[in-house]
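**Q** Everything below, folded, please.
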Amino acid sequence: QVQLVESGGGLVQAGGSLRLSCAASGSIVSINDMGWYRQAPGKQRELVAATTSGGSTNYVDSVKGRFTIWRDNAKNTVYLQMNNLKPEDTAVYYCNARIATVEGLGLSIKDYWGQGTQVTVSS
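**A** I've put the predicted structure just below:
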């Protein structure tokens with residue numbers, strides 16, 4: 001059983017900052033890519049930022065220079081530092097991780113999702 005538990009969302013004024021955290025727990029063999037997605041009302045879920053197990057990162061253009069993603073592999077945790085927040089960043093943010101677990105005599109690699117955390121930026 002694998003769980004992703006997120007924390008750090010909330011309400012902030014435009015120009016403010018928030019840090020999101022997502023900790024994976026359970027019978028984990030390894031974690032490959034980890035990332036943050038967001039979904040605003042009436043919109044599709046979009047990838048915000050992602051990081052590989054080696055630390056490479058990529059960002060959606062709208063957050064480049066404002067958001068930073070990093071991970072602590074020893075803690076199975078991924079973070080998202082969000083600075084200079086804008087009202088258009090308002091959304092539910094979801095953590096995602098591609099995790100390998102033991103299944104039978106082999107490995108199972110699946111995508112897991114957190115429960116989501118609300119980020120609201122007021123103008």
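
**Q** number of nearby residues for the residue nearest to Ala97 when sequence neighbours are not counted?
**A** In space, not counting the residues next to it along the chain, Ala97 is nearest to Met34; the distance is 4.6 Å by Cβ to Cβ, 6 or more residues apart in numbering. All C-beta atoms are positioned from the backbone trio N, CA, C, and that covers glycine. Residues lying near Met34 (other Cβ atoms under 10 Å) number 27.

**Q** Give me the residue at the spatial middle of this protein.
**A** Trp36 (2.7 Å; Cα atoms, centre = their mean).

**Q** so is that residue in a helix, a strand, or just coil?
**A** Using DSSP: H, G, I helix; E, B strand; the rest coil, the structure places Trp36 in strand.

**Q** Can you give me every residue that contacts it?
**A** 20, 22, 47-50, 69, 78, 80, 93-96 (Cβ atoms under 8 Å, 6 or more residues apart in numbering).

**Q** For the residue sitting furthest away from the middle of the chain, give me the pLDDT.
**A** Going by Cα atoms, centre = their mean, the residue of the chain most distant from its centre is Leu105, 30.4 Å out. We have a pLDDT of 90 for Leu105.

**Q** ok, Leu11 touching Pro87?
**A** No - using Cβ atoms under 8 Å, Leu11 is not in contact with Pro87, being 11.7 Å away.

**Q** which residues do these two both contact?
**A** Residues touching both Leu11 and Pro87 (Cβ under 8 Å, 6+ apart): 121-122.

**Q** And the average pLDDT for stretch 112-123 is what?
**A** 97.

**Q** what residues does that stretch touch?
**A** Stretch 112-123 has contacts (Cβ under 8 Å, 6+ apart) with 2-14, 16, 18, 20, 22, 24, 38, 82, 85-99.

**Q** what do you get if the cut-off is 7 Å, keeping everything else the same?
**A** 2, 4-9, 11-14, 18, 20, 22, 85-87, 89-97, 99 (Cβ atoms under 7 Å, 6 or more residues apart in numbering).
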